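Peer 1: Quick one: sequence plus predicted model below, questions after.
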Amino acid sequence: MEICKPDDLYIISEPIVLDHKITIDIKDVIDFCFCPLLYKYKKETPNELNIRELYDHEIRKTVYQFLFDLQNDKEMNSSLEFLKYLWGKYWIRSKTKKDLLITPSAYKRDTWDNKRQNGIKSIINFDEMIGRDSQFIIAVKHKYEIEIIPNVVLTGVFECIREKQNEDGTKIIQLINFVVDSNVYDTVMAQSYNLESIAAAFAFEQLFDQVEYQSITMNILTKKTYFKNFNEKDFNLLKDTVKSVIISLQNNINCTAPGQKCFHCSYRKKCEKNMK
Ligand code: SF4
């Protein structure tokens with residue numbers, strides 16, 4: 001049996017050529033890689049956000065709104081107080097009156113409150129991490145669409161593109177990707193090889209050839225920033241991953257392996273029920 005060497009992982013053996021175009025979003029690729037069952041559950045109920053997904057949605061909405069205002073020079077709206085106001089508006093008011101009045105269990109109440117506190121901590125961190133000076137926000141939550149391998153279109157968003165002035169006066173374009181959660185799997189490896197960041201960097205290079213830039217992953221909950229310049233090897237890893245997910249989806253290959261990751265899965269309860 002031929003042993004697969006680690007470097008083989010980075011080699012695109014044969015590009016898949018499909019007879020029709022397929023479009024897939026980078027978030028779907030990541031979900032499928034995390035667990036094919038999680039991908040399936042999300043697709044089955046696209047409008048039912050669980051508390052973890054809702055938190056992700058609302059905290060990003062807060063961050064994007066703030067960045068939009070910063071981009072449009074709305075000085076009044078670029079304060080920490082305004083960020084707190086936005087967070088209160090999106091998180092507290094995202095609960096219906098019924099949610100507020102008849103919260104079914106203390107556990108759920110605690111989870112809501114825990115997320116509220118995480119949100120406050122995150123926006124305070126975000127406020128410090130993003131700063132105000134020496135920068136020009138170019139784009140916020142800007143969609144991209146790129147043919148990553150023949151007939152496969154990868155979609156995603158540039159969460160924030162800004163031009164930042166360094167201390168020596170030079171300027172650099174920064175591509176920022178936000179991480180809003182944290183768990184035991186947040187190793188340096190997971191953060192610095194964040195597939196969403198690699199995909200954004202790949203799309204940026206395809207769309208803006210020759211522009212020098214820097215990729216940044218900011219975890220606004222843990223207040224950690226990772227700088228990484230991705231290269232061909234990283235892009236090949238991305239292409240291979242996208243290709244593998246598409247082949248798996250087309251051929252109904254679902255390698256589901258319940259394990260420690262289930263502890264952090266927002267579909268755990270549903271999954272346990274379905275597996276019984
Ligand atoms: S609980 Fe585990 S097996 Fe089920 S969807 Fe989540 S990660 Fe997959």
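Peer 2: Structure received.

Peer 1: Show me what from the protein comes close to the ligand.
Peer 2: Selection of the chain residues close to the ligand by Cβ under 6 Å from any ligand atom yields 35, 37-38, 256, 258, 261-262, 265, 267-268, 271. Where C-beta positions appear, they are placed from N, C-alpha and C, glycine not excepted.

Peer 1: do that again at 8 Å, thanks
Peer 2: Neighbours of the ligand within the chain, by Cβ under 8 Å from any ligand atom: 34-38, 41, 256-259, 261-262, 265-268, 270-272, 275.

Peer 1: and those, which of them are in helices?
Peer 2: 34, 36-38, 41, 268, 270-272, 275 (DSSP state H).

Peer 1: how about the strands in the chain?
Peer 2: 22-25, 135-149, 152-165, 171-179, 213-219, 224-228 (DSSP state E).

Peer 1: quick one: which of those is nearest Arg60?
Peer 2: Closest of the strands of the chain to Arg60 is strand 171-179, at 6.8 Å (criterion: Cβ to Cβ).

Peer 1: got the buried residues for the closest one?
Peer 2: Burial within strand 171-179, assessed by neighbour count using 16 or more other Cβ atoms under 10 Å, is assigned to 173-179.

Peer 1: and which of the residues you listed is nearest Phe158?
Peer 2: Comparing the buried residues of strand 171-179 against Phe158 with Cβ to Cβ picks out Leu175 as the nearest, at 6.4 Å.

Peer 1: what's the spacing between the closest residue to that closest one other than its chain neighbours and Tyr41?
Peer 2: Nearest non-adjacent residue to Leu175, counting by Cβ to Cβ, 6 or more residues apart in numbering: Ser215, 5.0 Å away. For Ser215, the distance to Tyr41 equals 30 Å [Cβ to Cβ, to the nearest Å].

Peer 1: Flag the shaky bits of the stretch 151-276 of the chain, pLDDT-wise.
Peer 2: Across the stretch 151-276 of the chain, the ranges flagged by pLDDT under 70 are 184-186, 191.

Peer 1: cutoff 90 now
Peer 2: 151, 165-169, 181-194, 208-211, 226, 228-229, 250-257, 259-261, 263-270, 272-276 (pLDDT under 90).

Peer 1: quick revisit: just put the ones in helices among the residues of the chain next to the ligand in a markdown table and tack on neighbour count.
Peer 2: Compiled in a markdown table, these are given as follows (neighbours: other Cβ atoms under 10 Å):
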| residue | neighbour count |
| --- | --- |
| Phe34 | 14 |
| Pro36 | 19 |
| Leu37 | 21 |
| Leu38 | 22 |
| Tyr41 | 19 |
| Arg268 | 15 |
| Lys270 | 16 |
| Cys271 | 18 |
| Glu272 | 11 |
| Met275 | 9 |
